[in-house]
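Q: coords please:
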Amino acid sequence: VQLQACGGGLVQAGGSLRLSCAISGRPFSSTVMGWFRQAPGKEREFVAAIRWSRDSTYYSNSAKGRFTISRDRAKNTVSLQMNSLKPEDTAVYYCAKGAALTSFDYDYRTWGQGTEVTVSS
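A: Next up, the predicted model:
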């Protein structure tokens with residue numbers, strides 16, 4: 001399985017971006033897809049996750065209410081709609097594949113290459 005993330009860019013504070021992650025191969029029903037991010041000089045942190053089969057979602061406190069994770073089973077993609085962006089959302093965003101709906105990066109075995117998001121103030 002390979003993951004290819006895209007959709008990053010430069011946006012002003014308050015703006016929106018939509019990240020997308022293409023998944024090669026069909027995910028199993030038990031698959032969980034997650035988004036993580038890593039800001040310069042900081043540790044990688046969990047953003048959101050979704051279970052492939054039941055559309056169950058899980059968000060970090062910083063993402064809740066502003067970001068929406070979704071999946072398209074026909075296209076084998078998972079997306080992260082980010083609204084009301086803040087400068088502190090600036091980071092490289094990674095999609096990842098796992099089997100448990102958790103916020104722990106060690107639960108995710110496959111990672112994409114990352115897409116950079118910069119939010120200007």
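Q: so what's Ser120 up against?
A: Residues in contact with Ser120 (CB atoms under 8 Å, 6 or more residues apart in numbering) are 10-13, 87. Just so you know, the C-beta spots here come from the backbone N, C-alpha and C atoms, and that holds for glycine as well.
Q: Find the residue at the geometric middle of the chain.
A: Centre of the chain computed as the mean C-alpha position; nearest residue by CA atoms, centre = their mean is Trp35, 2.4 Å away.
Q: Outside of the host helix or strand of it itself, list whatever touches it.
A: For Trp35, the host element (DSSP states H and E) is strand 32-38. With contact meaning CB under 8 Å, 6+ apart, strand 32-38 is reached by 19, 21, 23, 27, 44-52, 69, 71, 78, 80, 89, 91-102, 105, 107-108, 114, 117.
Q: Now the buried members of those residues.
A: Among the contacts of strand 32-38, the ones that count as buried by 16 or more other CB atoms under 10 Å are 19, 21, 23, 27, 46-52, 69, 71, 78, 80, 89, 91-98, 101, 105, 107-108, 114, 117.
Q: Check the nearest residue to Gln2 once chain neighbours are set aside and give its pLDDT.
A: Closest residue to Gln2 apart from its sequence neighbours, by CB to CB, 6 or more residues apart in numbering: Ser24 at 4.4 Å. On pLDDT, Ser24 comes in at 93.
Q: tell me the contacts of Ser24?
A: The neighbours of Ser24, taking CB under 8 Å, 6+ apart as the test, are 1-4, 76.
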